[in-house]
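Novice: structure of the sequence below:
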Amino acid sequence: MSFHRSKKILTIGSYNVGLTCKTGRLPMWGETLIGEGFSESYGGKGANQAVAAARLGGDVTFVGSLGKDRYGDDGLAMLNQEGIDTSHVLRNSDRNTGVGIILLNDDNDNGIIVDLGANHDLSPDYIATLEDTIAESDIVIFQLETPIQTVKKGMEIASHYGKTIIFNPAPANREAMDLLSLATIVNPNESELLLLNGRDTNHSPSEDECIELAQQLLAKGPEAMIVTRGEKDCLLVTETQVTNIPPRKIEAKDTTGAGDAFTGGLAIALSEGKDLINATKFASLTGSFCCMKEEVVPALPYREQLLSYEGSKES
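Specialist: The predicted structure follows:
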């Protein structure tokens, strides 16, 4: 089976190795808890999104920075094995490869601490040298696990060349508000949506609140806001309409990579000419598939797997 590969997808972002452990609750300061199920895995939002798009049939290039250590060697080998162009990946012997420390609770919800390490070396000056690479791409994906000025520089170049820019504002911060005017599509989850709007993140917003907050961000310049809401409906908000997209009902095992799977699926669907509603449906399906398996990269579907899942009956 052949897949559509005419449009190029460029992901500029992070690579982190994931160190995961299950625990019933978070420890208090000074407290030690016994966890279980420790594992090492490939990760980082940029790399995850690149792999998600590549496995679904995309022509993908990844730009990032890895340490010259075992974790970096393993990460680069994995990206190459997935058929991703890594010719613009930096390596640095003075910094460790980024690390994500992932804690899963009994409901398989996650909390993550990230040491960005070598990701800090992805500088605006380096991105400026990649202007031709950005100009040759069609869809460019950004996140916030690299320096924000680096993200801004990349988005400015991509915007100058009229590229479709997907901005996944994670981990969110208020500084990201300055980037919204450069983005085509912004896809936060609920907590990121609240944070971007300066709201308290310690509550679950209603659907109406999510729509209102998305519309406020939409006024900053993006063409569309896509709010991912876990097991609840995904909200696609544009200037003219709000579309509710229900998720596939599943029994989640690990939600860690769902947002990255969603972003990769969205990029692929758009690259294949799907309209925004159908692209969001495809992205939602990709995200839900990822939740049914543990760890991120092993859970990201290949195209045949996703087509089979799409055709199966909902549980």
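Novice: residue 88: what's its closest spatial neighbour, skipping adjacent residues?
Specialist: The spatial neighbour of residue 88 that comes closest, neighbours along the chain excluded (C-beta to C-beta, 6 or more residues apart in numbering), is residue 63 at 4.7 Å. To be clear about C-beta, it is placed using only N, CA and C from the backbone, and glycine gets the same treatment.
Novice: now residue 83
Specialist: Closest residue to residue 83 in three dimensions, ignoring its sequence neighbours and counting by C-beta to C-beta, 6+ apart: residue 54, at 5.6 Å.
Novice: now swap in residue 146 and tell me
Specialist: Counting by C-beta to C-beta, 6+ apart, residue 146 lies nearest to residue 122, which is 4.6 Å off, once chain neighbours are set aside.
Novice: my read: that neighbour touches residue 66, true?
Specialist: No - with contact defined as C-beta atoms under 8 Å, residue 122 does not reach residue 66; the gap is 10.0 Å.
Novice: distance from the helix or strand containing residue 265 to the middle of the chain?
Specialist: Residue 265 belongs to helix 258-271 when elements are defined using DSSP states H and E. In terms of C-alpha atoms, centre = their mean, to the nearest Å, the centre of helix 258-271 is found 8 Å from the chain centre.
Novice: need the residues touching each of residue 122 and residue 66.
Specialist: Common contacts of residue 122 and residue 66 (C-beta atoms under 8 Å, 6 or more residues apart in numbering): residue 90.
Novice: between the two, who's got more neighbours?
Specialist: Neighbours were counted for residue 122 and for residue 66 using other C-beta atoms under 10 Å; residue 66 has more, 31 against 26.
Novice: for that one, which three-state class applies?
Specialist: strand (DSSP: H, G, I helix; E, B strand; the rest coil).
Novice: correct me, but residue 166 touches residue 158?
Specialist: No - no contact is recorded between residue 166 and residue 158 when judged using C-beta under 8 Å, the distance being 10.0 Å.
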